[in-house]
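> I'd like to go over a predicted model; first the sequence, then the structure.
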Amino acid sequence: MIKDNMWRQRRLGVPKRTSELIALVALSSTLFLFLHTRDLHSRLREMEVRLQPSENDISSNQLSAEDAQSAVSLQTFGALRRTSTDVYETMDPLDLDALNNTKRANKHVLFFNRVPKVGSQTFMQLLRRLSMRNNFAFNRDQVQRVETIRLAPYEQRQLVRLVNSYAEPSVYVKHVCFTNFTEFNLPQPIYMNVVRDPVERVISWYYYVRAPWYYVERKQIFPDLPLPDPEWLKKDFESCVLNGDRECRYIEGEYHEGIGDHRRQTLFFCGHSEKCTPFNTVGALERAKLSVEKHYAVVGVLEDVNATLTVLENYIPQFFEGAKELYWDEMDAFKRINKNAFKPPVSEAIKEMVRKNFTREIEFYQFCRQRLHRQYRALKLPTNLDSENNL
Ligand SMILES: *[C@@H]1O[C@H](CO)[C@@H](O)[C@H](O)[C@H]1NC(C)=O
Ligand SMILES: *[C@@H]1O[C@H](CO)[C@@H](O)[C@H](O)[C@H]1NC(C)=O
Ligand SMILES: *[C@@H]1O[C@H](CO)[C@@H](O)[C@H](O)[C@H]1NC(C)=O
Ligand SMILES: *[C@@H]1O[C@H](CO)[C@@H](O)[C@H](O)[C@H]1NC(C)=O
């Protein structure tokens, strides 16, 4: 389970005076950062207002991820076509240089701070195989009892130093918030990640932690872990939402510290700051968008696997050359990894209820999706049936 680190810090009982000092330092550096990024923020907001997803796009979001891949893709393509003609008058939306953050990395190290339940296990396996094909080293973190994704500054420093110590070229994979290497005066790696429809993702997580094999596997690694309550295991997502159980109540601004909380996909892009924690807030959304624009080479989208693979191959060729072929040749093997056979379907009505409270998470997902599709179109690939299907 993943949870925030703040709880641990609190238990350690940092003396009051020290925490005040830390708060003061944090406050002043945040202020500095704020002044620094205010300009960028407002420019970005300007762009975003014009990039709001169309009605079509939102409704395509309601389709189930696995079943309606091509329908979703076609609708999005329509939306993007409109955007490109109406919106950009003064700037070139398909400026390859602006869309290629790989160029701005200072090191041939790929940093994949993978979001859980977005098929990232599959992408990790893909990278493992690509490491043999494309001659780079593959590294990942250890399985942890409690996965900590928000790190204290000293832990961030340890992490960036570790990743920086790898010989080039290599990849490092870990469930962790966006970590800014530049802040620690270290060369910037190539950042990548994958996102998924946030409501599908939260449902996937709900059943993942209830799957029998999840417990068996964890029990093997950590024998003293207690077994969960059978009532909790048996509870389905719909009843959980309808009963308004704590676990399935999604309230704006909530912190949910100390509970394995997977409702915030944005957290993986926003960063380690306290400002990133409250659920579905504008502040966290803006910071997450900013870090994607500024740092991420590629943020793939589970619902658009082909576009994701093509963009990865073209924007991060050193690592992803041949990815599409490998993916489809060994698709079955990849897909079987981590597939949860115990996940029952959830009705559209319930999904719709939940969606109403995930507005910023959905906006972030759409933002990543539009960016991926802009990257794809900027490649100006010859139109053929395959790419038509794709986008
Ligand atoms: C959505 O948010 C509203 C307002 O905070 C709350 O009353 C409602 O219970 C939430 N719904 C769910 C499914 O969490
Ligand atoms: C990362 O750190 C650098 C240097 O401090 C800063 O310029 C940049 O804005 C930071 N990125 C984000 C997303 O905060
Ligand atoms: C992006 O930049 C990387 C590194 O310079 C380069 O290898 C790649 O070909 C570029 N991709 C595109 C589409 O320009
Ligand atoms: C993705 O590409 C593969 C292989 O080229 C193809 O078989 C599949 O139909 C494509 N999927 C979509 C949704 O276009």
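Sure, I can see it. Ligands and ions are numbered 1, 2, ... in the order given.
> so where's the stretch 151-300 of the chain shaky on pLDDT?
Residues of the stretch 151-300 of the chain that meet the criterion pLDDT under 70 lie in 257-261.
> In the stretch 151-300 of the chain, what residue comes closest to ligand 1?
Tyr250 (3.9 Å; C-beta to the nearest ligand atom). Where C-beta positions appear, they are placed from N, C-alpha and C, glycine not excepted.
> That residue and Val354 touch, don't they?
Yes - at 6.5 Å, Tyr250 counts as touching Val354 under the criterion of C-beta atoms under 8 Å.
> and the nearest residue to Phe320 once chain neighbours are set aside, which of the three is it?
Excluding the flanking residues, the one nearest Phe320 by C-beta to C-beta, 6 or more residues apart in numbering is Leu312, at 4.1 Å. When classified by DSSP: H, G, I helix; E, B strand; the rest coil, Leu312 comes out as helix.
> ok, the residue of the stretch 151-300 of the chain closest to ligand 1 to Arg196 distance?
16 Å (C-beta to C-beta, to the nearest Å).
> Stretch 196-203 and ligand 1, any residue contact?
No - counting by C-beta under 6 Å from any ligand atom, no contacts exist between stretch 196-203 and ligand 1, the nearest distance being 10.4 Å.
> And stretch 154-169, what's buried?
Gln156, Leu159, Val160, Val163, Tyr166, Pro169 (16 or more other C-beta atoms under 10 Å).
> Please name the residues that touch the first one.
Read that as Gln156. In this structure, Gln156 makes contact with Thr179, Phe184, His272, judged by C-beta atoms under 8 Å, 6 or more residues apart in numbering.
> Give me the subset of those lying in helices.
Within the contacts of Gln156, no residue falls in helices by DSSP state H.
> Can you tell me which of the residues you listed is nearest ligand 4?
Distances from ligand 4 to the contacts of Gln156, taken by C-beta to the nearest ligand atom, are shortest for Thr179, at 32.4 Å.
> I'd like to know how many residues surround the closest one.
Other residues near Thr179 number 21, with proximity taken as other C-beta atoms under 10 Å.
> Was I right to think it contacts Arg161?
No - Thr179 is beyond contact range of Arg161, at 11.2 Å (criterion: C-beta under 8 Å).
> tell me the secondary structure for the residue of the stretch 151-300 of the chain closest to ligand 1?
Tyr250 ends up coil, using three-state DSSP.
> Find the nearest non-adjacent residue to it, please.
Tyr250 sits nearest to Asn357 (C-beta to C-beta, 6+ apart), 4.0 Å away.
> State the helix or strand in which the one you found lies.
For Asn357, there is no enclosing helix or strand under DSSP states H and E.
> Now do the contacts for it.
Tyr250, Ile251, Glu252, Asn280.
> Ramachandran coordinates for it?
phi -100, psi 0 (degrees, to the nearest 10).
> re the thing from before, which residues does the residue nearest to Phe320 contact?
Met192, Val298, Gly300, Phe319, Phe320, Ala323.
> repeat that with 6 Å
Contacts here follow C-beta atoms under 6 Å, 6 or more residues apart in numbering; on that basis Leu312 touches Val298, Phe320, Ala323.
> could those residues be laid out in JSON lines, adding distance to Glu200 and secondary structure?
Formatted as JSON lines, those follow (distance: C-beta to C-beta, whole Å; DSSP: H, G, I helix; E, B strand; the rest coil):
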{"residue": "Val298", "distance to Glu200": "21", "secondary structure": "strand"}
{"residue": "Phe320", "distance to Glu200": "25", "secondary structure": "helix"}
{"residue": "Ala323", "distance to Glu200": "23", "secondary structure": "helix"}
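> and Arg81, what pLDDT?
With respect to pLDDT, Arg81 scores 35.
> What is the nearest of the buried residues of stretch 154-169 to ligand 3?
Pro169 (11.8 Å).
> give the contact list for that closest one.
Pro169 sits next to His108, Phe136 when contact means C-beta under 6 Å, 6+ apart.
> if I look at it, how far off is Phe319?
Applying C-beta to C-beta to Pro169 and Phe319 gives a distance of 7 Å.
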